[in-house]
Structures are given as C-alpha cells and as structure tokens.
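Trainee: Quick one, fold the following:
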Amino acid sequence: MIDVLVISGSKSDDKITKKATDTLEKLGVSYSVEIASAHREPERVKDIVTKTESKVIIAIAGLAAALPGVVASYTQKPVIGVPVSAALNGLDALLSIAQMPKGIPVATVGIDNGQNAAYLAARILGIETKSSKPPRTYAESGVNEELVSEGLKVLGKYVKESFLQGEVTQDYGHYANTVKISDDLCIAMSTDGVGSKVLIAELASRYDTIGIDCVAMNVNDLICIGAMPVGFVDYLASEEPLPTAILDEIGKGLLQGCKDSGIPILGGETAILPDMIKGVNGPGLDLAGTAVGIANPSELIDGSQIQQGDAIIGIASNGIHSNGFTLARKVLLSKYKITDTLPSGLTVADELLRPTMIYVRHFKALKDAGLDVRGIAHITGSGFKKILRLGSFKFNIDNVPQPEEIFELIKQTGNVEWKEMFTTFNNGVGLVIVVPQKDKERALKVLGKLDTVFEMGQVESSDDPRVEIVPYGVTIK
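Mentor: Have a look, this model is predicted:
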C-alpha cells in the first residue's frame, strides 16, 4: 500500500514530478507515479483516482491545469495541485487550480514547487517534516525516562497491593514476576512490545523480523528471573485490517521467535483501532506479546545471591535490538534515507530491522552445565542501568566491546554523549550474567560455544549503588 499518488498531465512535467518524489523519498513516504491527461484521457484519470489506495494525491499540471480539479471531483481524499510554468509562466495554471468551486477543494502550492507538495502531503499524513538538529538525548526525542519512572511508581502502588491475592515471589520492578503454585512450581509471566521499531518496519514495508523481536523481548525477560519459557501469546492492533502479505510476514517472525525459544504460540488477539493508531507508511500497527514460564522456587534468580568479587560476563547483541528507537530513528533519519547503504554494505532498514537476539538457549546451556548463575540482566530500555536491578552493588565494568557501526553512527550523527548511549542502547551487549569467580571460566567456555562473550568486570560492595563503565568514564546510578 502506498501513501501518496503523484499524477501528472504530461511526461513533460517529469522535472516537477521528480521534485515531489525526491522529497517524498527523503521523508520516507511511499508513493506511486501515473501520467494521465484530464483532457485527452478523462476515463483513465477517473480509473486511476477511484482505484488508488493512496491517502493523499498530488496532481501536477500546466496551462489550463484541469487535472487537479478533475481528480478532486472523483475523490474525497486530499488533493494537492502543483501548477507548472508554461506560456504565461504558470500564472494560468496557478489560477486554474486555486479558483476551484465550493465543495471541491484543491490545496495549491507555488508554481513548479513539487517539493512543497510533498512536504504538505507528509504533514497531512502526520509525518514530521521539520528540518532541525537531531535530538541528543532520549528525553529530547520525546521519551523522558524520569517521567516514565514517576508513572511507574503510581501504578506500582496498585501492583504491590495485588500481591496479597497470591504468593508472589519477586518484588515489583524486576524483569518478570512469578506466583507460587506449589512447593516445586512457580508460574512466571512477562509482557512487552516491539515499540517504535514498528515504524521502521512501516517505512521499509518489511515486517518479517518484528515478530522475532516481540517474542525475544518477553522470553529474554523471563530467563532473567530463572524461569524457563513454555508458551507465548501475541496482541496485534492496527489502524485497519492488515493486508494478508503483512500478516504473513508478522506470523513468520512470531513463529521463528517461538521456534528459537522452543515454545508454542498459544493464541493471541487482534484489534482494529482506526481512531487510535496511525501509520507512517501504509496501515499503522502495534505488536506486543506475553510469555509464560515455569520454575522451581529454588531455581529463581533475583540477584540476592550476588557477592563481592563475582564476575560480570556479557553476551553480544545483534545491533540495537528493540529499545531506544525513538532516539535512533530521529537521529539517523535526520541524515539518511531508509534505503541508504551504510559503510557496512547494509541499508539503514536492514541494520535497524535486525531481530533481537533470543538468549533462551544460552540460559539452558548454563543450567545444563550446573553453573551457579547469581544474576541475569537483559540490556533493553535504560541500557546498562538495567544491571542495577540485580542489587545494591558497584558493578565495575572495565571491558566492553568496541561498539558496532550502528552505535557509532547514532553517536556521531546526533552528537550523543557516551552516558546517554549507555543508558539508552545496549552498545553491543545484549545480556549480562553474574557468576562467582570459580565458575567464570566454565561460564565463558559454555557461552562461547554459542556466541561472542566478554569478560566485563566484577561486582564490588558499595553504599552507593552504581554501574561504572571505566573505559568511557561513565557512571550510571
């Protein structure tokens, strides 16, 4: 599905058409182009306009410039007319388009100004078109973590009060939580979504990986408390009924994510919410899910067993995963188009749509090896600050991997400070494991058979809980 139909009356208008389409590409807006004359091919014009699925139409014409008005008479969609200079320097076309009768409006831009037609179409679609410096922080991009934390405190009161209704084993605010069913069984649950990474999928018209992200964000949280995932359900909300091709791609991703986790999809829910969800390129959607896990109460991991001197181990990420996209998107798209090729040889879309790593097999390998895992942190929203969920210690990190190209691009393009990078993105580390020093070498060996791993540092006692990322001089509290 395309957002904008660009129709011109003659091939001689190609230069003006290109002004419009180049700008639409820059803004990440999908479009199609048609050439049809309102005077010579009125039936063809009618057929094109009445059959298009676009949300906005740009009509380009010169001389008598009947095309925009004719197009407007066939549709209730917004029509933007672009007058083309000709014998009277375009004044004839401008007046022809601007002076439409009541009830058949046509928005009119300047003579030969195809760029403004594209900018106006983007604004009608609700797409940001301002030319400004990219945001340097997550807060500047529109996500204020302090306000989010305040909101969670409000909800947390009611969550904690509900704990009286069952034997809850974890405190509020961990990655997931469990309720004790019997002396040897706890049921764990986690819920999360793909977030604004969906907007990249919409811009790229590619939906084959976001299903994997949806599963990964949930099962990775479950293993952080020592629970083994056993099932998954999804929630898909959309602006309108989605085309079967899009549903097929999303479904394949969900299936792949669940295969990688060794769990079934137990069902889900769909909702059509045209008044709530708006897309940036085609129909808008939101994808979230819930994973269920099980554990023996004695196997739960909450960081309470962590001791001074324990080793901190990191497992590599697969790019940005599914967090920080509000900042990443606004920074990168201020300089690059979604189709641009990066130095790595990948397009912006390919890089940003890498699916989140699923770490269930890593967790299973540690369990099978009988290792004493004392803490697991999934590096998602808030970045390395997530490690503080494991306890009131100083987590001294003196070795981190060289950030991948995508993180360097975000930092350089947005002039983002290192502390912001480490409290927004994973910077190459998707999962952190804490084990006693005696198990460190075995843990590195077990995990190294599955992925790239890093010996990152050790835990120290402290009255001032924090994460110290020594190579970058970053302190996170």
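Trainee: Next, work out how far apart residue 107 and residue 448 are.
Mentor: 61 Å (Cβ to Cβ, to the nearest Å). (C-beta placed from N, C-alpha, C; glycine too.)
Trainee: more neighbours, those two?
Mentor: Neighbours were counted for residue 107 and for residue 448 using other Cβ atoms under 10 Å; residue 107 has more, 21 against 12.
Trainee: Can you read off the backbone torsions of that one?
Mentor: Dihedral pair for residue 107: phi -70, psi 140, per degrees, to the nearest 10.
Trainee: hey, what's it bridged with?
Mentor: When bridges are called by DSSP bridges, residue 107 pairs up with residue 80.
Trainee: which is the next helix or strand following whichever helix or strand residue 22 is part of?
Mentor: Assessed by DSSP states H and E, residue 22 sits inside helix 14-27. For helix 14-27, the following helix or strand on the C-terminal side (DSSP H and E) is strand 31-35.
Trainee: what sits up against whichever helix or strand comes after that following strand?
Mentor: Using DSSP H and E, the helix or strand that follows strand 31-35 towards the C-terminus is helix 42-51. Helix 42-51 has contacts (Cβ atoms under 8 Å, 6 or more residues apart in numbering) with 5, 7, 34, 36-38, 57, 67, 70-71, 74-75.
Trainee: The same query, at a cut-off of 6 Å, please.
Mentor: Helix 42-51 is touched from outside by 34, 36, 38, 70-71, 74-75, with contacts defined as Cβ atoms under 6 Å, 6 or more residues apart in numbering.
Trainee: do you know how far residue 180 is from residue 170?
Mentor: Separation of residue 180 from residue 170 (Cβ to Cβ): 11 Å.
Trainee: can you map out the helices along the stretch 101-250 of the chain?
Mentor: Along the stretch 101-250 of the chain, counting by DSSP state H, counting those that start in this stretch, helices occupy 114-124, 145-162, 197-204, 210-223, 244-261.
Trainee: Lowest average confidence across those, which one?
Mentor: Comparing mean pLDDT across those, the weakest is helix 145-162, with a mean of 80.
Trainee: Can you give me the domain boundaries for the protein?
Mentor: When the chain is parsed with automatic domain parsing, its domains come out as 4-124, 143-300, 303-477.
Trainee: which stretch among those comes nearest residue 135?
Mentor: For residue 135, the closest of the domains of the chain is domain 303-477, at 5.5 Å, according to Cβ to Cβ.
Trainee: need the contact list for residue 324.
Mentor: Residue 324 neighbours (Cβ under 6 Å, 6+ apart): 424-425.
Trainee: Can you check the pLDDT for it?
Mentor: Residue 324 carries a pLDDT score of 93 in this model.
Trainee: Residue 428 now?
Mentor: 96.
Trainee: again, but for the one 3 residues further on
Mentor: The predicted structure scores residue 431 at 98 on the pLDDT scale.
Trainee: tell me the contacts of it?
Mentor: Residues near residue 431 by Cβ under 6 Å, 6+ apart: 315, 359, 378.
Trainee: Please spell out the ChimeraX selection for the buried subset of these.
Mentor: Buried subset of these, written as a ChimeraX selection, criterion 16 or more other Cβ atoms under 10 Å:
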select :315,359,378
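Trainee: Columns pLDDT and distance to residue 413 on top of the contacts of residue 431, output as JSON lines?
Mentor: Converted to JSON lines, these look like this (pLDDT from 0 to 100; distance: Cβ to Cβ, whole Å):
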{"residue": "315", "pLDDT": "98", "distance to residue 413": "27"}
{"residue": "359", "pLDDT": "98", "distance to residue 413": "29"}
{"residue": "378", "pLDDT": "97", "distance to residue 413": "26"}
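Trainee: Closest one to residue 152 out of the contacts of residue 431, please.
Mentor: Nearest to residue 152 among the contacts of residue 431: residue 378, at 17.1 Å, using Cβ to Cβ.
Trainee: quick one on the thing from earlier: between residue 180 and residue 170, who's got more neighbours?
Mentor: Legend: neighbour count by other Cβ under 10 Å for residue 180 and residue 170, higher for residue 170 (20 against 16).
Trainee: dump the residue contacts of residue 113.
Mentor: Here residue 113 is in contact with no residue (Cβ under 6 Å, 6+ apart).
Trainee: For it, give me phi and psi.
Mentor: According to degrees, to the nearest 10, residue 113 has phi -90, psi 70.
Trainee: what separates it from residue 93, distance-wise?
Mentor: Distance, residue 113 to residue 93, by Cβ to Cβ: 12 Å.
Trainee: And for residue 161?
Mentor: Taking Cβ to Cβ, one finds residue 161 at 68 Å from residue 93.
Trainee: Between those two, which is the more surrounded one?
Mentor: residue 93 (30 against 9).
Trainee: does that one really touch residue 85, like I thought?
Mentor: No: counting by Cβ atoms under 6 Å, residue 93 does not reach residue 85; the two are 7.7 Å apart.
Trainee: Next, the contact list for the residue positioned nearest the centre of the chain, please.
Mentor: With distances taken as Cα atoms, centre = their mean, residue 197 lies nearest the centre of the chain, 1.1 Å away. Neighbour list for residue 197: 322, 325 [criterion: Cβ under 6 Å, 6+ apart].
Trainee: and what of residue 84?
Mentor: Shown in contact with residue 84 (Cβ under 6 Å, 6+ apart): 13, 16, 62, 93.
Trainee: and stretch 299-318, C-alpha only, in CSV?
Mentor: Output in CSV follows, covering the C-alpha atoms of stretch 299-318 (Å, rounded to 0.1, in the frame of the first residue of the first chain):
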residue,chain,number,x,y,z
GLU,A,299,15.8,-22.1,40.9
LEU,A,300,14.6,-18.5,40.8
ILE,A,301,17.3,-15.8,40.2
ASP,A,302,16.8,-12.3,41.7
GLY,A,303,20.3,-11.1,42.4
SER,A,304,20.1,-11.7,46.1
GLN,A,305,22.9,-14.3,46.0
ILE,A,306,25.4,-11.9,44.3
GLN,A,307,28.5,-11.3,46.3
GLN,A,308,31.5,-9.0,46.2
GLY,A,309,34.1,-10.3,43.7
ASP,A,310,31.6,-12.1,41.4
ALA,A,311,32.4,-12.0,37.7
ILE,A,312,30.4,-10.0,35.2
ILE,A,313,30.1,-11.6,31.8
GLY,A,314,28.5,-10.1,28.7
ILE,A,315,26.9,-11.8,25.7
ALA,A,316,26.9,-10.0,22.3
SER,A,317,23.8,-8.3,21.0
ASN,A,318,22.6,-8.2,17.4
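Trainee: Thank you, goodbye.
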